[in-house]
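Peer 1: Predicted model, plus sequence, below.
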Amino acid sequence: MTINFKEHAQEIHDELIEIRRWFHMHPELSFEEVETGKKIAEILRNQGIEVKEQVGKTGLVGILKGGKPGKVVGLRADIDALPITEINEVSYKSTVEGKMHACGHDSHMTSLIGAAMLLSKVRDQIPGTVKFIFEPAEEINQGAKAMIADGALKHPDVDAIYGLHNSPNIDAEKVGVKEGPLMAAVDTIKIKIHGESGHGAVPHKARDAIVAASSVVMNLQTIVSRKISAFETAVVSIGTFHGGKANNVISESVEMTGTCRTYNPEVRKQLPDLMRNIVEKICEAHHTTGDLEYEFTLPAVMNEEKTASIGKKAVAKIVGEEGVVMPELTGGGEDFALYQEKVPGTFYFLGVRNEEEGIVNEWHSQNFNIDERALWVGAGIYAQSAFDFLNEG
């Protein structure tokens, strides 16, 4: 069977713009998305879609049962904003001081709402069930955990899942699709180094934690350059460094935090031992002690082969073969990866860039905006991906 989701998505484009602008004007932070959730639930119910609210605290799940039994496909969008003050001078500027959809989640949930509108119109032709997963608190890496723990992938059990994130590096009406790694695993490191304080004039009578910590920072960089294959990718970065209280006192302790980014799970597994060895041995050489706390925060976004293959064809139906682009790997993380640990899934990059209109700013910028042509595209690829998976998957 053939349904022209592209044409139908373009027909509701003006409505999607209106919906997106409402969300943009009324941003809510992580786990505060109460009014956002009410608005989503109202629209879904008006489409005859069953809605479960307060999933994962402030998230919600819509369920659309097709005309005949089949598999279950999940479509996911995140819904939280950021604590940023918008400086764009647009008619739909954020009305909440200090809060802004500076990562484009307003476009994600609008695209998913659009998909719900499209799919609800052809429910009798859907062989299976579609679950619309609206996730809170993605920005603090807590939303997917909460949604999964609260059964978002259960009752009925999801067989595959699709998601997307806007990309200011891809032109509007184009979509990045690939199988395999797309976004990096995100890990958090905390290092504490303990020495013995003393007078700055007689350092030989102290055990300098700052000197030891400085050496640790420099030597951690040798992990990537000397311990990881040149054909693999890894990043080790120290972001904070705190020690000392006075200019003439040798500090007895230093605390550091940082992040590690990888794509290959085997490389990721190596990092804690490699880092711990450097911390302990360097500290020993400086007559200090060091402790490493390594937190595996988020796995890499890895697009599964079969869902990616179906997805690439689905995207081409919406934007044409010329609109399908190969996305660059990014060191950013996404908790969509947690769903992919449970079920096969594919994540897209939705182009929102428009250089002629100055829409070029990166995520989390006070100037962030999107080319709203991305909305009908997002709705179309969500709907087409779900429909094609249920028919082919």
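Peer 2: Arrived safely. Residues are numbered from 1 along each chain as shown.

Peer 1: Assign the one residue sitting closest to the centre of the chain to helix, strand or coil.
Peer 2: By CA atoms, centre = their mean, the mean C-alpha position of the chain lies nearest to residue 334, the distance being 2.6 Å. With DSSP: H, G, I helix; E, B strand; the rest coil as the basis, residue 334 sits in coil.

Peer 1: Backbone dihedrals for it, please?
Peer 2: Dihedral pair for residue 334: phi -150, psi 130, per degrees, to the nearest 10.

Peer 1: For it, give its distance to residue 322.
Peer 2: Per CB to CB, to the nearest Å, residue 334 is found 26 Å from residue 322. No exception for glycine: its C-beta is placed from N, CA and C like everyone else's.

Peer 1: swap in residue 162?
Peer 2: Distance from residue 162 to residue 322, by CB to CB: 22 Å.

Peer 1: The two: which has the busier surroundings?
Peer 2: More crowded of residue 162 and residue 322, by other CB atoms under 10 Å: residue 162, with 28 against 9.

Peer 1: Can you name the helix or strand that the closest residue to that one other than its chain neighbours falls in?
Peer 2: Distances taken as CB to CB, 6 or more residues apart in numbering place residue 385 nearest to residue 162, at 4.6 Å, with adjacent residues excluded. In the assignment (DSSP states H and E), residue 385 maps to helix 373-392.

Peer 1: Convert that helix to CSV, retaining C-alpha atoms only.
Peer 2: In CSV, the C-alpha atoms belonging to helix 373-392 read as follows (Å, rounded to 0.1, in the frame of the first residue of the first chain):
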residue,chain,number,x,y,z
ARG,A,373,10.5,24.0,6.9
ALA,A,374,12.1,21.3,9.1
LEU,A,375,8.8,20.7,10.8
TRP,A,376,6.9,19.1,8.0
VAL,A,377,10.0,17.1,7.1
GLY,A,378,10.3,15.9,10.7
ALA,A,379,6.7,14.9,10.9
GLY,A,380,7.0,13.1,7.5
ILE,A,381,10.1,11.1,8.3
TYR,A,382,8.7,10.0,11.7
ALA,A,383,5.4,8.9,10.1
GLN,A,384,7.0,7.2,7.1
SER,A,385,9.6,5.4,9.3
ALA,A,386,6.9,4.0,11.6
PHE,A,387,4.7,3.0,8.7
ASP,A,388,7.5,1.3,6.7
PHE,A,389,8.9,-0.5,9.7
LEU,A,390,5.5,-2.0,10.6
ASN,A,391,5.0,-3.1,7.0
GLU,A,392,8.6,-4.3,6.4
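
Peer 1: helices or strands next to it in the packing?
Peer 2: helix 5-11, helix 13-25, strand 68-78, helix 105-120, strand 127-135, strand 160-171, helix 305-319, strand 345-353 (3 or more CB pairs under 8 Å, 6 or more residues apart in numbering; DSSP states H and E).

Peer 1: As JSON lines, these with mean pLDDT and distance to residue 226 would be great.
Peer 2: Formatted as JSON lines, the helices and strands packed on helix 373-392 follow (pLDDT from 0 to 100; distance: least, CB to CB, whole Å):
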{"stretch": "helix 5-11", "mean pLDDT": "98", "distance to residue 226": "51"}
{"stretch": "helix 13-25", "mean pLDDT": "98", "distance to residue 226": "47"}
{"stretch": "strand 68-78", "mean pLDDT": "97", "distance to residue 226": "38"}
{"stretch": "helix 105-120", "mean pLDDT": "98", "distance to residue 226": "40"}
{"stretch": "strand 127-135", "mean pLDDT": "98", "distance to residue 226": "39"}
{"stretch": "strand 160-171", "mean pLDDT": "98", "distance to residue 226": "31"}
{"stretch": "helix 305-319", "mean pLDDT": "98", "distance to residue 226": "33"}
{"stretch": "strand 345-353", "mean pLDDT": "98", "distance to residue 226": "32"}
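
Peer 1: where in the stretch 151-300 of the chain is pLDDT low?
Peer 2: Across the stretch 151-300 of the chain, nothing is flagged by pLDDT under 70.

Peer 1: Helix, strand, or coil at the closest residue in space to residue 326 that isn't next to it in sequence?
Peer 2: Using CB to CB, 6+ apart and skipping the chain neighbours, the partner closest in space to residue 326 is residue 178 (5.9 Å). Under three-state DSSP, residue 178 falls in the coil class.
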